[in-house]
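K.L.:
I'll drop the sequence and a predicted model, then ask my questions.
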Amino acid sequence: MRNVEHYKKGYYMPPVVDMSWAYKDCPDKAPVWCSVDLRDGNQALIIPMSLDEKIEFYKTLVAMGFKEIEVGFPAASETEYEFLRYLVEHDMIPDDVTVQVLTQAREHIIRKTFEALQGVKNAIVHVYNSTSFAQRQQVFRMSKEEIKQIAVDGAKLLQRLTDEAGADYRFEYSPESFTGTEPEYALEVCNAVLDVWKPTADRKAIINLPSTVQMSMPHVFAAQIAYMSQNLKYRDNVVLSVHPHNDRGTGVADAEMALLAGADRVEGTLFGNGERTGNVDIVTVAMNMFALGVDPQLDFSNMPKLVDTYERVTRMHVHPRQPYAGQLVFAAFSGSHQDAIAKGMHFREEGNEQYWTCPYLYIDPHDVGRTYDSDVIRINSQSGKGGVGFIMEQNYGIDMPKKMREDFSYFVKSVSDHKHQELKPAEIYDVFEQNYLNVGWPLKVENFFVQKFGGQWIGKILVKADEEEVILEGRGNGQLNAISNAICEAYGIEIDNLVYSEHDLDRGSDSRGIAYFGLTDKQGRTTWGAGVDTDTMTASIFAFITAINRMEGMAQRVRFRHLTSDPAAVSEFKAIAGQH
Ligand SMILES: CC(=O)SCCNC(=O)CCNC(=O)[C@H](O)C(C)(C)COP(=O)(O)OP(=O)(O)OC[C@H]1O[C@@H](n2cnc3c(N)ncnc32)[C@H](O)[C@@H]1OP(=O)(O)O
Ligand SMILES: CC(C)C(=O)C(=O)O
């Protein structure tokens, strides 16, 4: 790459690097979650949310179980200010929910923020200033002492205004751009702020460490968090929070490793909306816990609805591959995956496994409100018999013999390949119907009857062949055998092997059955057919005729052996068969 020499590591390792947290495999309980969708997420939108949109999003967050919600930056705009006022005036802050507001460490902005807070019972006032080397050098052009003083002055003003208001607000401080700050200096600033607030067990302070811009691999961030966690003053009375962004695409890893390294709280957004590449995606972090058997204490059981609300109010889109939430994240198109999933589902249905272990599906799609039918097994030219069979069985109750599934799946594959598109269950059924079900050309069954004489069955079948109605007659040791012999003898068909099965399609007195025939000729070529009728014998004959009709060269055979029957005999047959 050109210009690589323009880059260097912009982060700082802590003076003591403790990696012992890496021996833990997973957080053992949910952290405190704080949604910053309405602030950090909102400030990153092309068109920030309107009042109504913020209200809808807020209600969604409360319903999901968020207990801490950063509702905005009240000093930023009228909408932000009005939104908080609306929540207060419409009594929309449940007792167990704390609203959080963000403010720069500047007096007039803090004052405006407090104005907006009037009447709020449970609030967190979140004050920040940037501490990084680059911001000190380029933005503020201030010394470390001067930057620390901004934080301390801001902390003092928060305390004073809270006392004046007779309120019980909690406080949060963020050394913004923490990841570009020397850890010892970040610690010094945070401890100076804590010395102002003197947090107690019943009024803890939040120290929030943001990867405002991600700069390192996640384990480095976690080492920084471990250092802060181990060296912050008043640690027992401090809630250590992280606020990862996603510039390196590892926001989730930052959050997860930080939790192992000592963080108690995570600030993030749904689906990772936020500045640039976004904030950490709380959905993924929480669902990752869920998938390891740890209750995240947030409700994602209707993910499609959540996605819909989010997309509508933010005008952002959830990527089809977004973990747990994307349109395609449970979809299996490829044959071997479908086969394994279908078998895994059967294994589970048989009551074999207490835990979710289905191959290729990390979690049960039902747990996030998705369905197997439309979300999991999806059919295109990469699909195989397992998936096609699963769709036919789940949607239409059609349980073909194994080899027939294979035959059918190649058919479906090729239709999808030629159309160059995915096939929906109804389209797959159409392919089945047109090619395998009651196919009536070149031979069409008009009617039949069978009678037993002595030990033998005599079958007569009236078929339409080449526009001619013909009666065929055969004998056999069973009813079906007599009819099939009638057809095979008439057209010189030799069958080497035969597969037959049938099952009910529906339940009830007039339920239909489906029969399947696989016929293998002397050259080893197999054709398949299915027949549906309320009468099993009729369904079987339809299936047989379909399989015959699908044999190679059958049309020529019918034409070549042009058979005729006396019209009087046909009328007589119809009359007799009609009585049966
Ligand atoms: C990483 C984050 O996401 S932090 C949150 C960022 N979010 C936002 O900024 C959205 C809302 N912000 C706003 O609407 C506006 O910035 C306002 C209303 C808060 C303030 O507006 P303004 O005063 O016009 O401008 P602006 O934010 O650019 O202020 C820059 C000045 O504040 C100083 N400043 C910036 N942040 C801070 C801070 N956290 N604490 C103290 N001073 C700060 C800058 O050094 C600069 O000082 P200077 O005027 O002496 O050069
Ligand atoms: C205000 C702070 C926490 C922030 O949004 C950031 O640093 O990303």
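P.N.:
Thanks, I have it. Ligands and ions are numbered 1, 2, ... in the order given.
K.L.:
What are the buried residues along the host helix or strand of I458?
P.N.:
Assigned by DSSP states H and E, I458 belongs to strand 456-465. Residues of strand 456-465 classed as buried by neighbour count (16 or more other C-beta atoms under 10 Å): 457-463, 465. Placement of C-beta: from N, CA and C, glycine included.
K.L.:
who touches that strand?
P.N.:
440, 442-452, 469-479, 481-483, 485-487, 541, 545, 558, 563, 570, 573-574, 577 (C-beta atoms under 8 Å, 6 or more residues apart in numbering).
K.L.:
switch the cut-off to 6 Å
P.N.:
Residues outside strand 456-465 that contact it (C-beta atoms under 6 Å, 6 or more residues apart in numbering) are 443-451, 470-476, 479, 482-483, 486, 558, 573.
K.L.:
Now do the next helix or strand after that strand against strand 456-465, angle only.
P.N.:
Going down the chain from strand 456-465, the next helix or strand is strand 468-476, by DSSP H and E. Angle of strand 468-476 versus strand 456-465, following axes from the mean of the first three to the mean of the last three C-alpha atoms, to 10 degrees, is 160 degrees.
K.L.:
Low-confidence ranges, the stretch 451-580 of the chain, go.
P.N.:
For the stretch 451-580 of the chain, the stretches with pLDDT under 70 are 508-509, 578-580.
K.L.:
In it, mark out all the helices, start to finish.
P.N.:
479-491, 536-549, 554-560, 567-579 (DSSP state H, counting those that start in this stretch).
K.L.:
Next, the buried residues of the third one.
P.N.:
Neighbour-count burial for helix 554-560, counted by 16+ other C-beta under 10 Å, picks out 554, 557-558.
K.L.:
what do you get for stretch 96-110?
P.N.:
Going by 16+ other C-beta under 10 Å, stretch 96-110 has these buried residues: 97-106, 109-110.
K.L.:
what do you get for stretch 534-545?
P.N.:
So for stretch 534-545, counting by 16+ other C-beta under 10 Å, buried means 536-545.
K.L.:
ok, and what's touching the helix or strand of the chain with the lowest mean pLDDT?
P.N.:
Between all helices and strands in the chain, the lowest mean by mean pLDDT, DSSP states H and E belongs to helix 372-375, at a mean of 80. By C-beta under 6 Å, 6+ apart, the residues outside helix 372-375 that reach it are 330, 365, 394.
K.L.:
Which neighbouring elements make contact with the next helix or strand after that helix?
P.N.:
Of the helices and strands lying after helix 372-375 in sequence (DSSP H and E), the nearest is helix 385-396. Helix 385-396 is packed against helix 335-349, helix 402-419, helix 425-436, with contacts defined by 3 or more C-beta pairs under 6 Å, 6 or more residues apart in numbering; DSSP states H and E.
K.L.:
Going through the contacts of helix 372-375, which ones are buried?
P.N.:
330, 365, 394.
K.L.:
quick one: which of the residues you listed is nearest to ligand 2?
P.N.:
Distance to ligand 2, by C-beta to the nearest ligand atom, is smallest for F330 among these, at 32.0 Å.
K.L.:
For that closest one, which residues are in contact?
P.N.:
365, 370, 375-376.
K.L.:
Likewise for F560?
P.N.:
No contacts exist for F560 under C-beta under 6 Å, 6+ apart.
K.L.:
who's in contact with the residue in the stretch 401-550 of the chain that ligand 2 sits nearest to?
P.N.:
Closest to ligand 2 within the stretch 401-550 of the chain is E422: 39.9 Å, counting by C-beta to the nearest ligand atom. Contact partners of E422, counting by C-beta under 6 Å, 6+ apart, are 378, 380.
K.L.:
re the thing from before, list the buried ones in the least confident helix or strand of the chain?
P.N.:
Within helix 372-375, judged by 16+ other C-beta under 10 Å, the buried ones are 372, 375.
K.L.:
what about the nearest residue to G278 once chain neighbours are set aside, how many neighbours?
P.N.:
Nearest non-adjacent residue to G278, counting by C-beta to C-beta, 6 or more residues apart in numbering: G272, 3.9 Å away. G272: 26 surrounding residues under other C-beta atoms under 10 Å.
K.L.:
G272 against D281, yeah?
P.N.:
Yes. At 3.5 Å, G272 counts as touching D281 under the criterion of C-beta atoms under 6 Å.
K.L.:
need the residues of the protein near ligand 2, please.
P.N.:
Residues of the chain found near ligand 2 (C-beta under 6 Å from any ligand atom) are 40, 102, 128, 174, 176, 208, 210, 212, 243, 245.
K.L.:
what about 5 Å?
P.N.:
40, 128, 174, 176, 210, 212, 243 (C-beta under 5 Å from any ligand atom).
K.L.:
which residues does the second one contact?
P.N.:
With contacts defined as C-beta under 6 Å, 6+ apart, the neighbours of Y128 are 174, 176.
K.L.:
Which parts of this protein belong to which domain?
P.N.:
For the chain, automatic domain parsing gives the domain ranges 22-314, 335-433, 443-579.
K.L.:
Next, format those domains as JSON lines and append distance to R321.
P.N.:
JSON lines is the format used below for the domains of the chain (distance: least, C-beta to C-beta, whole Å):
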{"stretch": "domain 22-314", "distance to R321": "12"}
{"stretch": "domain 335-433", "distance to R321": "13"}
{"stretch": "domain 443-579", "distance to R321": "37"}
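K.L.:
Please write out the alpha-carbon positions of the least confident helix or strand of the chain in PDB.
P.N.:
This file holds the C-alpha atoms of helix 372-375, laid out as PDB (Å, rounded to 0.1, in the frame of the first residue of the first chain):
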ATOM      1  CA  TYR A 372     -37.600 -22.000   9.800                       C
ATOM      2  CA  ASP A 373     -39.800 -21.900   6.700                       C
ATOM      3  CA  SER A 374     -38.900 -18.500   5.300                       C
ATOM      4  CA  ASP A 375     -35.700 -17.700   7.100                       C
END
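K.L.:
for stretch 76-96, which positions count as buried?
P.N.:
76, 79-88, 93.
K.L.:
Say whether ligand 1 is contacted by it.
P.N.:
Yes. Contact of stretch 76-96 with ligand 1 (C-beta under 5 Å from any ligand atom) involves A76.
K.L.:
how long is that stretch from one end to the other?
P.N.:
Stretch 76-96 stretches 26 Å from its first residue to its last (C-alpha to C-alpha, to the nearest Å).
K.L.:
quick one: low-confidence ranges for the stretch 101-250 of the chain?
P.N.:
In the stretch 101-250 of the chain (pLDDT under 70), no residue qualifies.
K.L.:
could you pull out the helices for it?
P.N.:
107-117, 133-135, 144-165, 183-197, 218-231.
K.L.:
Centre of the chain to the shortest one, how far?
P.N.:
Read it as helix 133-135. With C-alpha atoms, centre = their mean, to the nearest Å as the basis, helix 133-135 stands 40 Å off its chain's centre.
K.L.:
Ok, the third one next?
P.N.:
Taking the mean C-alpha point of helix 144-165 and that of its whole chain, the gap between them comes to 45 Å (C-alpha atoms, centre = their mean).
K.L.:
about what we covered before: name only those of the contacts of strand 456-465 that count as buried.
P.N.:
By 16+ other C-beta under 10 Å, those give 443-450, 470-472, 474, 476, 479, 482-483, 486, 558, 573 as buried.
K.L.:
Any residues of the protein in contact with ligand 1? List them.
P.N.:
43, 73, 76, 104-106, 128-129, 212.
K.L.:
can you do 8 Å?
P.N.:
By C-beta under 8 Å from any ligand atom, the residues of the chain that approach ligand 1 are 39-40, 43, 73, 75-77, 80, 102-106, 109, 127-130, 139-140, 150, 154, 176-177, 210, 212, 275.
K.L.:
Give me the three-state assignment for N288.
P.N.:
helix (DSSP: H, G, I helix; E, B strand; the rest coil).
K.L.:
how far away is I514 from E502?
P.N.:
To E502, I514 is 6 Å away according to C-beta to C-beta, to the nearest Å.
K.L.:
Could you check which of these two has the larger neighbour count?
P.N.:
Taking neighbours as other C-beta under 10 Å, I514 and E502 compare with I514 leading, 25 against 17.
K.L.:
didn't that one look like it was pressed against L505?
P.N.:
Yes. Here I514 reaches L505: they are 5.0 Å apart, a contact under C-beta under 6 Å.
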